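[1] Predicted model and sequence below, questions to follow.
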Amino acid sequence: YNLFIPFIMKKILVPTDFSDHAYYALKVAAEIAKKNDGEIFLLHMLELPGQAGDAIGVGHELPEIMLFKNAAINKLEDLMDDECLEGLKVSEIIQFDKGFTASSKELHRQLIMPLKLKNPEKVTFIMDDFLHLFPMETILEPQEFEQISSIGYAYSLKLLEIQSNIPNIHNRKNLAVFAPTYSSNISGSKRQFGQLNFSKMEADAIIQSTNGKLFEGKNATKDNFIKISSEYNVLHLAMHAVMDTNNYEQSYLAFQEDQPLYFSELYNMKIQSRLAILSACNTGNGLLENGEGNMSLSRAFTYAGVPA
């Protein structure tokens, strides 16, 4: 994008599977809707067994279908009465998902069964082409989940070797959070970034629960990150990121005052943290290079020495 254009979210679609994570997302959506006089649409995808899915396709309503549907309606109605939605206009949507089960079984047959996994404790997937964007966990059978204690990904054999040889260093400091603020009036800035209105809330919640170190505003600079990146076990970056679709080496994380930390710079760094949490857009996406895989900012952190 050449220019950040602010917009107001008036209609917010919130998928829910009634989990705690979905509820937290709903609370954030409710705050946004209240500030912008918006409306919330609660969406629940109802996955049906094959027989019920076939009946939907021909317009039948089996008792089994109605049982699932009524149970979902009751849960949605309870959710719509939650205090976080008080004063908001909320609508419910139930859609039947009859395709994923069949598709996942076919993908399992083609991608997992040929591997002939026999009671593995740890599995690392090295994906090719567009499969870099596919979460393999979604097509594993329940019994395979029970057997596998750890599932990981590597961008290539070369990076897997790098990851495997990273020393198990535990730093004295636990966690650092970077949360820059942005101004559209930065002299010489390449882009105009809007404020990340909830990054401050995100950063404060993490610091309160972990007793970590917060670098915010004028302290959330590129120089400070380079200085302390190897002093902490965990790095959490709540900021803007830019993916360059023409030259992946020009993709970057935007620190305070739009100071860019480029993909190419990360490749030349040595970061001794155990975990980097990239709370920024497009950090997992990148150009797909033959023989190399997904050239994303996340990959650059791996190459710099961060195992996860």
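    Cool, got the structure. From a predicted model like this one, the values you see are computed outputs, not experimental measurements.

[2] Need the three-state assignment for L175.
    Judged by DSSP: H, G, I helix; E, B strand; the rest coil, the three-state class of L175 is strand.

[3] contacting residues around it?
    Contact criterion C-beta atoms under 8 Å, 6 or more residues apart in numbering gives 206, 210, 212-213, 232-236 as the residues in contact with L175. For glycine as for every other residue, the C-beta is placed from the backbone atoms N, C-alpha and C.

[4] Closest one to F225 out of the residues you listed, please.
    Of all the contacts of L175, F225 sits closest to L235, with 8.0 Å by C-beta to C-beta.

[5] any weak-confidence spans in the protein?
    1-9, 47-65, 96-101, 168-172, 184-192 (pLDDT under 70).

[6] ok, which stretches of it are helices?
    20-36, 50-57, 63-80, 100-107, 142-147, 157-164, 199-210, 222-228, 263-267, 297-304 (DSSP state H).

[7] tell me which residues in the shortest one are buried?
    Within helix 263-267, the residues that qualify as buried are 263, 265-266, counting by 16 or more other C-beta atoms under 10 Å.

[8] And R109, how close does it get to T302?
    Distance of R109 to T302, given as C-beta to C-beta, to the nearest Å: 30 Å.

[9] okay, the buried residues of helix 263-267 in JSON lines with distance to I73 next?
    Supplementary listing: the buried residues of helix 263-267 in JSON lines, determined by distance: C-beta to C-beta, whole Å:
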{"residue": "F263", "distance to I73": "47"}
{"residue": "E265", "distance to I73": "52"}
{"residue": "L266", "distance to I73": "48"}
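
[10] Just confirm Y267 contacts T302, I think it does.
    No: under the criterion of C-beta atoms under 8 Å, Y267 lies out of contact with T302, with a separation of 10.1 Å.

[11] returning to what we had before: looking at the helices of the chain, which is nearest to E92?
    helix 63-80 (4.5 Å).

[12] Which elements pack onto the closest one?
    In terms of contacts (3 or more C-beta pairs under 8 Å, 6 or more residues apart in numbering; DSSP states H and E), helix 63-80 is packed against strand 39-47, helix 50-57, strand 89-97.

[13] hmm, 6 Å instead?
    strand 39-47, strand 89-97 (3 or more C-beta pairs under 6 Å, 6 or more residues apart in numbering; DSSP states H and E).

[14] hey, which of those is tucked in deepest?
    Highest mean neighbour count among the helices and strands packed on helix 63-80 (mean count of other C-beta atoms under 10 Å): strand 39-47, with a mean of 17.

[15] Quick check: A22 vs Q272, distance?
    36 Å.

[16] R109 and T302: who's more crowded?
    T302 (23 against 11; other C-beta atoms under 10 Å).

[17] For that one, which non-adjacent residue is spatially closest?
    L159 (5.6 Å; C-beta to C-beta, 6 or more residues apart in numbering).

[18] now swap in T221 and tell me
    Q256 (4.8 Å).

[19] do you know how far that neighbour is from N174?
    For Q256, the distance to N174 - C-beta to C-beta - is 23 Å.

[20] what about those two, which has more around it?
    Q256 (24 against 13).

[21] surely the more buried one meets A220?
    Yes: with contact defined as C-beta atoms under 6 Å, Q256 reaches A220; the gap is 4.6 Å.
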